[in-house]
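> turn this into a model:
(chains A and B)
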Amino acid sequence: MTVYLIRRLIQSAFVLVAMTIILFLGVYAIGDPVEILVSPDADQIERERAVAALGLDQPLWLQYLVFLENAMRGDLGRSFVFNEPALRLILQKMPATLELAFAATIFAVLIGLPLGLWAGLRPAALSSRLIMAGSILGFSLPTFWVGLMLIMLFAVELGWLPSTGRGPTADFLGVQWSFLTLEGLRHLVLPALNLSLFKISLVVRLTRAGARETVLMDYVKFARAKGLSPRRVVFLHVLKNIMIPVLTVTALEFGSTIAFSVVTESIFAWPGMGKLIIDSIYVLDRPVIVAYLMIIVLMFILLNFAVDVLYSALDPRVRLKDRRG
Amino acid sequence: MNRGTAKASALAAPHPAALLSEETPFRRFVSDFAESRVAVGALCCFLLIVLAAVFAPAIAPQNPYDLAQLDIMDGRLPPGTVGGAGFTYLLGTDDQGRDMLSGILYGLRISLAVGAGSAFIAFCVGTALGLVAAYFGGRTDTVVMRVVDLQLSFPAILVALMILAFLGKGIVNVVIAIVVVEWAYYARTVRGTALVERRREYIEAALCLALPPSRIVFRHLLPNCLPPLIVIGTMQVARAIALEATLSFLGLGVPVTEPSLGLLIANGYEYMLSGRYWISFYPGIALLVTIVVINLVGDRLRDVLNPRLRA
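Just a heads-up that it's a prediction; the model follows:
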């Protein structure tokens, strides 16, 4: 196990280094670094001073090492627009995105699980087939279009829910959260529902497949034969065994939920990291772009590492196969 | 595999049923596909969409790119209004007085071309790399599959965002982004199939004939790896169209001068809040129908081409 952990850790480190090289080349080799890193308003003298200060006259590998060293110290440059350290800017916006992603995950389980269970227990019923057709739509429809439809229906036509922003926030542990105020909670509903759409479909399919498999198991038959009420059989014996894969996959999907929140945040003007990166791309605020990508990449590498470790702990075949291969 | 069974049945003694209707693998494929009425309907619908896109200049009431034909006075008219030019705006107009129906027909051209084009390039790149990885094995295989694993561990939208953040917007850059996102799916699929096919007798026979590797890979291995690739390819066209629309909606995709469906939807977004739904709604419906029918066709192809389900 320890050997496996160390190997995985080294692999993750390699991936991280590879990604920093890609990002570095993206900024320094493809574009003109002076144009990217020096404010467009700077004059010729400032420009030359900046070139020397940034070490752009140095060979590329040396520049990469400097870039890496600064990144290690948490210095990813300053935003041109806000004139603030890019990293701090991103971290400020992070709670809003995390809040949205968590809300979407909760929606996915709360909506997906009952629907999937229903479809799995009555596979032939018309309602079940409608649910499954809906889940195909959930997989294939572009998130942004569904978001627009949600706004059109619930915000414009019916006027039930607000469509933009976070609403008033309340302080908790030194961070502002929307879900602590009623108005903020109302603002959270539509974006979270939009972001959870793909995951609802996923949970529906997983739950349905799990339910169909589980009801055929001997222990379920036995529970029925004992004369337990159908409700008890479903909620105790069936549901418990479906929960494990469903929760694992939902947790695994958390990373991609954060990545996809870029789209949802843009539609609902939700002031999170995703909206910040899109705005930064518009105005070519490259330090912020680099900082965002670095953080997201780091997050994904940590997430993948955690998942691999978890899987190998749960399933010994994973690490055995790795040792052989 | 199809070829093998077809030959075997041809060599067997003449079967009365076989004489009546000569069954070729292709004919069986067509009749299997046609068993699902939904799939046939979806295919017809898809062909109609393609035809509408190809012949857009002939059937669209207006050329939406020709500013001389646009009348700014006709801006934001609801569907069914008769405009200054004398014809009815069936789906309304956008803020510049552009007929939405014409805009959608021309937008479909761009969406379909970008989607199909990038999916095809990704198909070529991914298949070539996957085949090479499976055929040569060893270090080549390890390197290619590590890159595939690395890439599939990041969501598509993130990879695309990263590429467009560095390259900037534009049709070519969008295509590059989609190809980079999608090639890994083809590579992984074709490698899995090719590893199985590689151990079969016909590859051994080809090796014994000392044919050059390129001939063995592309003439013998590739055709037998095609069925799963066709399924993946169909689905990836739909994904590419959706991804392009998403990127264009975010303002990172196609330029304003060549609006795809995603950009049309983005244009109407601000008017949606004031109740002018049609500017966003109808391009959205066109996008939706296109993606859904391609997925339905792909779903049926998967059922028909999956040898496990056929037995």
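> any low-confidence regions in chain B?
Within chain B, the segments meeting pLDDT under 70 span B:1-22, B:67-78, B:80-90, B:97, B:275, B:307-311.
> now do the buried residues in the lengthiest helix in it.
When chain B is parsed with DSSP state H, its longest helix is helix B:100-136. Under the neighbour-count criterion of 16 or more other C-beta atoms under 10 Å in any protein chain shown, helix B:100-136 has B:100-119, B:121-123, B:125-135 buried. For glycine as for every other residue, the C-beta is placed from the backbone atoms N, C-alpha and C.
> which other helices and strands does it contact?
Counting contacts by 3 or more C-beta pairs under 8 Å, 6 or more residues apart in numbering or on different chains; DSSP states H and E, helix B:100-136 packs against helix B:37-54, helix B:56-59, helix B:138-152, helix B:171-197, helix B:222-249, helix B:261-272, helix B:278-305.
> okay, which residue is most central for chain A?
Nearest residue to the geometric centre of chain A (C-alpha atoms, centre = their mean): residue A:258, 2.1 Å.
> and the gap between it and residue A:25?
According to C-beta to C-beta, to the nearest Å, residue A:258 stands 25 Å off from residue A:25.
> cool, residue B:62 as well?
Separation of residue B:62 from residue A:25 (C-beta to C-beta): 45 Å.
> which residues in chain A form strands?
A:170-172, A:175-177 (DSSP state E).
> now do the buried residues in the last one.
Of all the residues in strand A:175-177, those buried under the rule 16+ other C-beta under 10 Å are A:176, A:177.
> pull the residues that contact it.
Defining contact as C-beta atoms under 8 Å, 6 or more residues apart in numbering or on different chains, one finds that strand A:175-177 is touched by A:95, A:99, A:169, A:170, A:171, A:184.
> ok, now which ones touch the closest residue to chain A within the stretch 1-150 of chain B?
Residue nearest to chain A within the stretch 1-150 of chain B (C-beta to the nearest C-beta): residue B:150, separated by 6.1 Å. By C-beta under 8 Å, 6+ apart, the residues touching residue B:150 are A:15, A:18.
> gap between residue A:298 and chain B?
Noted for residue A:298: a distance of 12 Å to chain B, by C-beta to the nearest C-beta, to the nearest Å.
> quick one: contacts for that residue?
residue A:16.
> from chain A, how far out is the residue most central in space within chain B?
In chain B, the C-alpha closest to the average C-alpha coordinate belongs to residue B:237, at a distance of 1.6 Å (C-alpha atoms, centre = their mean). Distance, residue B:237 to chain A, using C-beta to the nearest C-beta: 12 Å.
> wouldn't residue A:81 be in contact with residue A:276 here?
No. Residue A:81 lies out of contact with residue A:276 (C-beta atoms under 8 Å); the separation is 10.1 Å.
> the two: which is more packed in?
A side-by-side neighbour count of residue A:81 and residue A:276, using other C-beta atoms under 10 Å in any protein chain shown, places residue A:276 first with 27 against 15.
> contact partners for the more buried one?
Contacts for residue A:276 (C-beta under 8 Å, 6+ apart) come out as A:89, A:90, A:93, A:288, A:292.
> among these, which are in helices?
Per DSSP H, helices hold the following members of the contacts of residue A:276: A:89, A:90, A:93, A:288, A:292.
> neighbours of the closest residue to residue A:94 other than its chain neighbours, just the number please.
Of all residues not flanking residue A:94 in the chain, residue A:273 sits nearest, at 5.7 Å (C-beta to C-beta, 6 or more residues apart in numbering or on different chains). The tally of other residues near residue A:273 (other C-beta under 10 Å) stands at 27.
> likewise residue A:209?
Other residues near residue A:209 number 15, with proximity taken as other C-beta under 10 Å.
> hang on, it packs against residue A:119?
No. Contact criterion C-beta under 8 Å: residue A:209 and residue A:119 do not qualify, at 9.8 Å.
> quick revisit: now pLDDT and neighbour count too, for the contacts of strand A:175-177, in a markdown table please.
Below are those laid out as a markdown table (pLDDT from 0 to 100; neighbours: other C-beta atoms under 10 Å in any protein chain shown):
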| residue | pLDDT | neighbour count |
| --- | --- | --- |
| A:95 | 87 | 19 |
| A:99 | 89 | 23 |
| A:169 | 70 | 19 |
| A:170 | 68 | 12 |
| A:171 | 70 | 9 |
| A:184 | 75 | 20 |
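> biggest separation within the residues you listed, which pair?
Between any two of the contacts of strand A:175-177, the greatest separation by C-beta to C-beta is 13.4 Å, found for A:99 and A:171.
> what residues sit buried inside stretch A:45-52?
Per 16+ other C-beta under 10 Å, stretch A:45-52 contains these buried residues: residue A:50.
> ok, residue A:245 - how many residues close by?
Residue A:245: 13 surrounding residues under other C-beta under 10 Å.
> residues contacting residue B:197?
Applying C-beta under 8 Å, 6+ apart, the residues near residue B:197 are B:203, B:221, B:224, B:225.
> from chain A, how far out is the second one?
Counting by C-beta to the nearest C-beta, the gap between residue B:221 and chain A amounts to 23 Å.
> which residues of the stretch 1-150 of chain B lie near chain A?
Residues of the stretch 1-150 of chain B lying near chain A by C-beta under 8 Å from any C-beta of the partner chain: residue B:150.
> same thing but at 10 Å, please
B:142, B:146, B:147, B:149, B:150 (C-beta under 10 Å from any C-beta of the partner chain).
> about what we covered before: need the overlap of contacts for residue A:81 and residue A:276.
Counting by C-beta atoms under 10 Å, 6 or more residues apart in numbering or on different chains, the residues touching both residue A:81 and residue A:276 are A:89, A:285, A:288.
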